[in-house]
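# When you get a sec, could you give me coordinates for this:
(one chain, ligands or ions: 2)
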Amino acid sequence: MNGLLPVEEALARVLDGIAPTPAEDVPIAEAFRRVLAAPLAARRTQPPYAVSAMDGYALRAADAASVGAALRPIGTAPAGTPFAGRVGEGETVRIFTGGALPEGADSVLLQEDAQVEDGRVIVREAVRPGQHVRPRGLDFAEGAVLLPAPRRLGMREIAIAAAMNHWAVPVRRQPTVAILATGDELAAPAPDVPAEAIVASNSYGIAALAIEAGARPVDRGIVRDDRAALAAAIEAALAEEPDVLVTLGGASVGEHDLVRGVLGGLGVDLDFWKIAMRPGKPLMFGRRGGTRILGLPGNPVSSLVCGLLFLRPLLDALLGLPPADPTEPAELGAPMAQNDRRRDYVRAMLAERPGAPPLATPFPRQDSSMLSTLAASGCLIVRPPHAPAAAAGAPIRILRLP
Ligand SMILES: Nc1nc2c(c(=O)[nH]1)N[C@H]1C(S)=C(S)[C@@H](COP(=O)(O)OP(=O)(O)OC[C@H]3O[C@@H](n4cnc5c(N)ncnc54)[C@H](O)[C@@H]3O)O[C@H]1N2
Ligand code: MOO
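Ligands and ions are numbered 1, 2, ... in the order given. This next block holds a predicted model:
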């Protein structure tokens, strides 16, 4: 392997022996983006009784089978207030969307198809049996398992969990991700940021990735390239026993790249890998107690791409989610040269095309410091090691950017 570790092998080692975080109950209103720990079954039948799907008149279809039929109104049935009586032959009840279909009625005449004349309701459009009625249990029946686990709870899942009358849901505890930036040159974004500083962006990008995955980031700030300060900052972060500690920068081989030595001295069982990928070659991975430590490279694009490829699957595994192939097929929009021994993740514009795979066109400059191209990209083109030169139109695989 020329001393370069393949991406899959590195990921397998990061995920080795992982167990999902314990389950806890959270109120439904706080469950967005959390991962369901146990399947959810409906606690009720929806709708719990037959209801009208329209504003109109509840009646017996047999009484309204022909245009011109006249019916006698005997009451009203708005949503939430059922009509207490029974609809008999030639009778009708004014009903509104969501109102309970009164006993005796089997259909609803649309308001627009009715005319009220001399206290009578005249049918202007013949009614089919069952018309505009939502039968009991149309959506779901009590006991039906509508949300399997594990599943990340988005808008749709939250809504149906609430509809099934779950006021609290069992979810995985949010993994905690401590994030520590390293580097003398760095300063947090602020009005008074020194002119000579580099604004520390990686912490914010990695925190966003963690939140999107359903984890809880903890910002441990910026530490100088000083062995003692770095050791103190890492020890303080580890003392909180986060599920993951991410260090940013200082991962390479220069004299100021101290993270590796410091982690080793703090009892971290550590691997330092050169991964066969670009961007993001240097990557540290270690463990201490229940904490997994990811040492990401400092170059901003390398940091975020490594975050997508290693931190994201790690968080998914901690949340009990199965591994997923994040790539999909696409077509190349411009020629690409032969690749070397590293797998490239190439920033590219993405154009959707009806009836054809999306078109991915690489940006000409791929410097791993350039967040501007990452921000403008729709995807990363995944080029295998030693891929031959490819012409525009060639089938490729892409990783859509979140
Ligand atoms: N002689 C070698 N030099 C380098 C190698 C190598 O193999 N041999 N690898 C290169 C590659 S590839 C990468 S990637 C970088 C990784 O460097 P480090 O992880 O040590 O990162 P730093 O040196 O600390 O910083 C690199 C670059 O990124 C900026 N940076 C750092 N942290 C942040 C942050 N939180 N937010 C924004 N920008 C950040 C930093 O200012 C530097 O410009 O090493 C190459 N060198
Ligand atoms: O791997 Mo470095 O990330 O190429 O810049």
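
# Only C-alpha atoms from now on, for both contacts and neighbour counts.
OK.

# So for the helix or strand hosting V169, mean pLDDT?
Assessed by DSSP states H and E, V169 sits inside strand 168-172. pLDDT averaged over strand 168-172 equals 98, rounded to a whole number.

# same question, stretch 90-108
Average pLDDT, stretch 90-108: 98.

# If you count neighbours, what's buried in that stretch?
If you call a residue buried by 16 or more other CA atoms under 10 Å, then stretch 90-108 has these buried ones: 91-108.

# residues making contact with the strand holding V169?
Outside of strand 168-172, the residues within contact range by CA atoms under 8 Å, 6 or more residues apart in numbering are 20-28, 31, 34-38, 319-320.

# hmm, try it at 7 Å
Outside of strand 168-172, the residues within contact range by CA atoms under 7 Å, 6 or more residues apart in numbering are 21-28, 34-38, 319.

# List the contacts of the residue nearest to T81 when sequence neighbours are not counted.
In space, T81 comes closest to G99 once its chain neighbours are excluded; the distance is 7.2 Å by CA to CA, 6 or more residues apart in numbering. Shown in contact with G99 (CA under 7 Å, 6+ apart): 51-52, 77-80, 82.

# hmm, which of these are the buried ones?
Neighbour-count burial within those applies to 51-52, 77-78, 82; the criterion is 16+ other CA under 10 Å.

# Identify the farthest-apart pair in those residues.
Within those, two members stand farthest from each other by CA to CA: S52 and P82, at 11.3 Å.

# Now the common contact residues for the two.
When contacts are counted by CA under 7 Å, 6+ apart, S52 and P82 have 99-100 as shared neighbours.

# what kind of secondary structure is A181 in?
At A181, secondary structure determined by DSSP: H, G, I helix; E, B strand; the rest coil is strand.

# Number of residues surrounding it?
25 (other CA atoms under 10 Å).

# Residue numbering should commence at 401 henceforth.
Right, with 401 as the first residue, what we last looked at is A581.

# correct me, but it touches D625?
No. Using CA atoms under 7 Å, A581 is not in contact with D625, being 10.1 Å away.

# Get me the contact residues on the chain for ligand 1.
581, 583, 598-603, 648-653, 657, 680-681, 697-700, 702 (CA under 6 Å from any ligand atom).

# Now the buried members of those residues.
Buried positions within the residues of the chain next to ligand 1, assessed by neighbour count (16+ other CA under 10 Å), are 581, 583, 600-603, 648-652, 657, 680-681, 697-700, 702.

# Tell me which of those residues fall in strands.
Cross-referencing these against strands under DSSP state E gives 581, 648.

# related to what we said a few turns ago, okay, and which of the residues of the chain next to ligand 1 map to helices?
Using DSSP state H, 602-603, 700, 702 are the members of those that sit in helices.

# so which two of these are the farthest from each other?
Between all members of those, the farthest pair (by CA to CA) comes out as S603 and S702, at 12.8 Å.

# show me where the stretch 501-650 of the chain has helices.
When assigned using DSSP state H, counting those that start in this stretch, the helices of the stretch 501-650 of the chain occupy the ranges 555-563, 602-613, 627-639.

# Residues contacting the second one, please?
Outside of helix 602-613, the residues that reach it under the criterion CA under 7 Å, 6+ apart are 579, 581, 616-617, 700, 703-704, 707, 712, 715-716.

# Buried ones only from these, please, as a PyMOL command.
Restricted to buried positions by 16+ other CA under 10 Å, the PyMOL selection for those reads:
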select buried, resi 579+581+616+617+700+703+704+707+712+715+716
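
# what would the contacts of helix 602-613 look like in CSV with distance to D518 and pLDDT?
Conversion of the contacts of helix 602-613 to CSV gives the following (distance: CA to CA, whole Å; pLDDT from 0 to 100):
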residue, distance to D518, pLDDT
I579, 76, 98
A581, 80, 98
R616, 67, 98
P617, 69, 98
P700, 77, 97
S703, 77, 97
L704, 73, 98
G707, 73, 98
R712, 69, 98
L715, 69, 98
D716, 67, 98
